[in-house]
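> Starting from these lines, generate the structure:
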Amino acid sequence: MNPTRHFQKSISKIAILFALTLLLSLVSLEVEGQQSKSATARSQTQRGGAPRLYTIEQFMNTVRIGGSSFSSDEKSLLFHSNKSGIFNVYSVPVTGGEPMQLTKAEKESTYAVSYFPADARILYTYDRGGNENSHLYVREADGTERDLTPGDKVKANFLGWSHDRKSFYLSTNERDPRFFDIFEMPIADFKPTPIYKDETGLDFRDISNDKKFIAFQKSGGSTADSDVYLYNTAPKELKNITTHSGDVANSPQTFDVNSKYLYYLTDEGGEFQHLASYDLGTGTRRVVEKSPWDISYTYFSHNGKYRVTAINEDARTKIEIKDETTGKPVPLPKLPNGDITGVNISPSEKLMAFYLNGDRSPSNLYVYNFNTQKVTKLTDVLSPEIDPSDLVDSQIIRYKSFDGVEIPSILYKPNNASPQQKAPALLLIHGGPGGQTRVGYSALTQYLVNHGYVVLGVNNRGSSGYGKTFYTSDDGKHGREPLWDCVEAKKYLASLGYVDEKRIGIMGGSYGGYMVLAALAFKPDEFAVGVDLFGVSNWVRTLQSIPPYWESFRKSLYKEIGDPNTDLENLRAISPLFHADKIVKPLIVLQGVNDPRVIKPESDEIVDNIKKRNGVVEYVVFDNEGHGFTKKANEIRAYKAILDFLDRYLV
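Predicted structure coming up:
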């Protein structure tokens, strides 16, 4: 499987970002360029004293980067970075050196997709103001830009290169905004050939190297139910190869390089996803690999020498690489403490690009040479003004909820919090529903902790990564049991001895923003303040206005939350907007004008309702953002507004 294809799988029921944890190796390997620029920054106090306080501008002077693609000669890597203030595409030599900016966008954040297989042209993608209608663009050799997927309302997805690297696959919803048709586009003339017309709502996952089979995932009746569909391109036949009863999650992963097997994940017969294979010729199945946690994904390097597997192990991801020629695991380099993400093995299978991310260190790009066992660090993104010793490490904890269910969470404690100097605290609620709070660097979290706030990232029931029973335990219960898990988190925080239980707030984005509004409306005496980033206030409207391209999992979403056509009474009962008169604690709301998921009226109306009652509410609107932040200036404005709000009402 083309590794780029793996990283471009953007159509998913639940958006969960998995970081890959480094395997321990007995081999001591050289790490080049490991000394950080940040080591030159020194705290203004001695060890053991209060940490230096940093401004949001200093935190945001840290650079965010992502993506990786090897050039045809494997001497450079393509990636994106927001060093310019918004994301642009850069290249950097695999031996190290100063990255070179290739795109010059000043308005729309632009993200790297891939180098071309035999020349210096590049593919990249961007949308307009956060509307999520991303197009694919090619940067020609002379630097000019060409839109390969034009159309104001078109959304396009890069699906990966063909094995011979003479064409690539893409999908668009140009014909029908609900569904994504699949095309093969030769790079010789950029004239797309249709290879699958979707009229039922299927999510593409992989295409075999011989081009005879396409693997799809089809959502079932719930978010815990899905099947693997196999499309045979010659007779044009579509077949469900995982028929079952009850809720079973099945997800295709990759074909082997010889197009004999399809590898897929399934939780059939257990709580966690394991890896199985399906023989394309005989239909025979076998279990390939099991773990006491979910296997997140697996894929093969270009010629099949390596198979990369990731395991979601207690909010970290353990990465395993197997040498398929020997059947033995590949030892990985020893590196500073952190998780690996974005593993990408070069087409020659000699090099591996990856990111290393830790609690005190944002993601940096590395290259590893399998033959020489040398690691080269290519970037150093933490602001040189920040001393990592002033930041804090996370701690994975568990507490018991109201009914005895154990709730896994991630705790960040300020360096100067103590029983003698009790600190205010914030619950941080992830998006979804069905997401997961994970360890790793967060500028906003570290900024708040640096300024004296305890942060507890709550993986309330319904979060992924802890088995399908836990994952489905919030179905039809939103606004109740998952919220009560958050209320119980207050008792845990109070038990620590260094948290002021009267100064505990709640913060979240997207579904987490809904949880904030629900907490203030349905448990008005529990939390001192709320911080809502583009959260749902009215489930009826949100479910009626979901983007048309969510059609493939609309039914399962309705099963999870409620059907606006038949469950109006319940949806109104769990929607904070219809209970906003109960919101009495201070609230700040942040919203992007172009958000296609949680549209702006969701925030407008909850804010207007509180204002009419002379309640305390602040509203921060971003004209050039959608569902999240892609521009540094907006992040600075947003995070500063959050801290200023907390300093007014929670301290």
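> From now on I want contacts and neighbour counts done on CA atoms only, so please keep to that.
Will do.
> Leaving out the residues flanking it, which one is nearest to residue 262?
Sequence neighbours aside, residue 255 is the residue nearest to residue 262 in space, at 4.4 Å (criterion: Cα to Cα, 6 or more residues apart in numbering).
> was I right about residue 356 contacting residue 363?
Yes: Residue 356 is in contact with residue 363 according to Cα atoms under 8 Å; the separation is 5.2 Å.
> any shared contact partners between the two?
Contact with both residue 356 and residue 363 is made by no residue, according to Cα atoms under 8 Å, 6 or more residues apart in numbering.
> quick one on the thing from earlier: confidence score at the residue nearest to residue 262?
Per-residue confidence (pLDDT) for residue 255: 98.
> now it: how far from residue 52?
51 Å (Cα to Cα, to the nearest Å).
> all strands of the stretch 401-550 of the chain, in order?
Assigned by DSSP state E, counting those that start in this stretch, the stretch 401-550 of the chain shows strands spanning 406-412, 423-429, 454-458, 499-509, 530-533.
> Can you lay out these as a markdown table showing mean pLDDT and distance to residue 213?
Converted to a markdown table, the strands of the stretch 401-550 of the chain look like this (pLDDT from 0 to 100; distance: least, Cα to Cα, whole Å):
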| stretch | mean pLDDT | distance to residue 213 |
| --- | --- | --- |
| strand 406-412 | 98 | 40 |
| strand 423-429 | 98 | 40 |
| strand 454-458 | 98 | 41 |
| strand 499-509 | 97 | 39 |
| strand 530-533 | 98 | 42 |
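> For the residue nearest to residue 262, what are phi and psi?
Here is the backbone geometry of residue 255 (degrees, to the nearest 10): phi -90, psi 150.
> That one contacts residue 277, correct?
No: counting by Cα under 8 Å, residue 277 is not a contact partner of residue 255; they are 9.1 Å apart.
> Those two: which is more packed in?
Per other Cα atoms under 10 Å, whichever of residue 255 and residue 277 has more neighbours is residue 255, with 26 against 23.
> got the contact list for the more buried one?
Counted by Cα under 8 Å, 6+ apart, residue 255 has contacts 1, 206-209, 261-263.
> Quick check: bridge partners of residue 505?
Assessed by DSSP bridges, residue 505 has beta-bridge partners residue 426.
> if I look at it, how far off is residue 526?
Shown here: residue 505 relative to residue 526, a distance of 9 Å by Cα to Cα.
> More neighbours: the two, which one.
Neighbours per residue (other Cα under 10 Å) separate residue 505 from residue 526, with residue 505 holding more: 28 against 20.
> My read is that the more buried one contacts residue 527, right?
Yes: with contact defined as Cα under 8 Å, residue 505 reaches residue 527; the gap is 5.0 Å.
> which residues do those two both contact?
By Cα under 8 Å, 6+ apart, no residue touches both residue 505 and residue 527.
> check contacts around residue 605.
Counted by Cα under 8 Å, 6+ apart, residue 605 has contacts residue 577.
> for the host helix or strand of it, which positions count as buried?
Secondary structure from DSSP states H and E places residue 605 in helix 600-612. Using 16 or more other Cα atoms under 10 Å as the test for burial, helix 600-612 gives 600-603, 606-607, 609-610.
> do the same with stretch 184-203
By neighbour count on 16+ other Cα under 10 Å, the buried set for stretch 184-203 is 184-186, 192, 195-196, 198, 201-203.
> and if you look at stretch 82-100?
Residues 82-83, 85-94, 96, 99 are the ones in stretch 82-100 that count as buried (16+ other Cα under 10 Å).
> if we can go back for a sec, what's the closest of the strands of the stretch 401-550 of the chain to residue 314?
Across these, the minimum distance to residue 314, taken as Cα to Cα, is reached by strand 406-412, at 8.3 Å.
> any idea how far the closest one is from the chain center?
Centroid separation for strand 406-412 versus its chain: 19 Å, with Cα atoms, centre = their mean, to the nearest Å.
> Parallel or antiparallel, which strands does that strand pair with?
strand 394-400 (antiparallel), strand 454-458 (antiparallel).
> which one of those has the most crowded surroundings?
strand 454-458 (a mean of 26; mean count of other Cα atoms under 10 Å).
> now the angle from that one to strand 499-509?
50 degrees (axes from the mean of the first three to the mean of the last three Cα atoms, to 10 degrees).
> Identify the residues contacting strand 454-458?
407-414, 423-430, 437, 445, 448-449, 486, 489, 499.
> swap the cut-off to 6 Å and go again
Outside of strand 454-458, the residues within contact range by Cα atoms under 6 Å, 6 or more residues apart in numbering are 409-413, 425-429.
> try stretch 584-595
Under Cα under 6 Å, 6+ apart, the answer for stretch 584-595 is 130-131, 529-534, 600, 616-623, 625-627.
> So which of the residues you listed sit within helices?
Here DSSP state H is the test, and the contacts of stretch 584-595 give residue 600 as lying in helices.
> could you flag which of the contacts of stretch 584-595 are buried?
130-131, 529-534, 600, 616-618, 621-622, 625-627.
> As a check, name the ranges of all strands in the stretch 151-300 of the chain.
Ranges of strands within the stretch 151-300 of the chain are 156-161, 167-172, 181-186, 193-196, 203-207, 213-219, 226-232, 237-240, 250-255, 261-266, 274-279, 285-289, 294-300, based on DSSP E, counting those that start in this stretch.
> could I get the buried residues of stretch 82-100 as TSV with distance to residue 227, secondary structure and pLDDT?
TSV is the format used below for these (distance: Cα to Cα, whole Å; DSSP: H, G, I helix; E, B strand; the rest coil; pLDDT from 0 to 100):
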residue	distance to residue 227	secondary structure	pLDDT
82	38	coil	96
83	41	coil	95
85	42	coil	95
86	38	strand	96
87	36	coil	97
88	37	strand	97
89	36	strand	98
90	38	strand	98
91	39	strand	98
92	41	strand	98
93	42	strand	98
94	40	coil	98
96	44	coil	96
99	43	coil	97
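> From the residues you listed, pick the one nearest residue 576.
Taking Cα to Cα as the measure, residue 576 lies nearest residue 86 of those, at 33.9 Å.
> Touching, the closest one and residue 633? I think so.
No: the criterion here is Cα atoms under 6 Å, and residue 86 misses it with residue 633 at 8.5 Å.
> Need the CA coordinates for stretch 317-335. CSV is fine.
Provided in CSV are the C-alpha atoms of stretch 317-335 (Å, rounded to 0.1, in the frame of the first residue of the first chain):
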residue,chain,number,x,y,z
THR,A,317,0.1,4.6,20.3
LYS,A,318,2.6,1.9,20.2
ILE,A,319,4.2,1.4,16.8
GLU,A,320,5.5,-1.9,15.5
ILE,A,321,7.3,-2.5,12.2
LYS,A,322,7.7,-6.0,11.0
ASP,A,323,10.2,-7.1,8.3
GLU,A,324,8.0,-9.3,6.1
THR,A,325,11.0,-11.0,4.5
THR,A,326,12.3,-12.3,7.9
GLY,A,327,9.1,-12.2,10.0
LYS,A,328,11.0,-10.4,12.7
PRO,A,329,10.3,-7.0,14.3
VAL,A,330,12.4,-4.1,13.3
PRO,A,331,14.2,-2.3,16.2
LEU,A,332,13.5,1.4,16.2
PRO,A,333,15.9,4.1,17.4
LYS,A,334,16.2,5.4,20.9
LEU,A,335,15.0,9.0,21.0
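> Tell me the buried residues in that stretch?
So, applying 16+ other Cα under 10 Å, buried residues of stretch 317-335: 317-322, 330-335.
> Which ones among the residues you listed lie within strands?
Taking DSSP state E, the ones among these that sit in strands are 317-322.
> if we take these, which one ends up nearest to residue 291?
In terms of Cα to Cα, no member of these lies closer to residue 291 than residue 318, at 10.9 Å.
> which residues does that closest one bridge with?
Counting by DSSP bridges, residue 318 forms beta bridges with residue 21, residue 311.
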